[in-house]
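Asks: just coords:
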């Protein structure tokens, strides 16, 4: 698979550099619920989609997470898991996920605020939130695809599905 990065926008230099494909994904340990946490190691052996988004309850974020909920069977067809990540707290995520009937975890990058987004190069210092960014990490923990979308645009799932399809292709001998 070729390493792929797509840049949908630049935020005027207000974020760091987006982590590029081929780099190891930084580890994390974030709360999904007040009593439940996930780390990168929890997803070893299968592709993982990291969907950073600015905030629960915003219209574009709600549409984006609802779309991923609908497309979840397609992600699972490739053996992939998905997590949403924002700087909102775990109680906010719990209410948002319950309201939207989301069937995948939302991780709280709350304290220290935006630490995971900073590690992945997608923290927006001016807004105090993460960019709307996507990463596909392979089962060994290596970033294979990344994309940053303008914050007002739902990036959809096509790029994710192309990246998962490329991961599933046999490697030439």
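Replies: Sure, I can see it. None of the values given here were measured: they were computed from a predicted structure. Numbering: from 1, shown residues only.
Asks: where exactly do the strands run in this structure?
Replies: Counting by DSSP state E, the chain has strands at residues 4-7, 29-33, 36-39, 48-52, 81-86, 106-108, 123-124, 129-130, 132-137, 143-149.
Asks: Tell me if I'm right that residue 45 and residue 139 touch.
Replies: Yes: between residue 45 and residue 139 there is a contact under C-beta atoms under 8 Å: 4.7 Å. From N, CA and C alone the C-beta is placed, and that goes for glycine too.
Asks: Check the average confidence over stretch 119-134, would you?
Replies: Mean pLDDT, computed over stretch 119-134, is 97.
Asks: Give me the pLDDT for residue 1.
Replies: In this model, residue 1 is scored at 42, pLDDT.
Asks: So for residue 45 and residue 139, which sits in the more crowded spot?
Replies: In this view residue 45 and residue 139 are compared by other C-beta atoms under 10 Å, and residue 139 has more residues nearby, 14 against 10.
Asks: quick one: contacts for that one?
Replies: By C-beta atoms under 8 Å, 6 or more residues apart in numbering, residue 139 lies in contact with 43-47.
Asks: What residues sit buried inside the top helix by length along the chain?
Replies: The longest helix of the chain (DSSP state H) is helix 59-77. Buried residues in helix 59-77, counted by 16 or more other C-beta atoms under 10 Å: 60-62, 64-65, 68-69, 71-72, 75.
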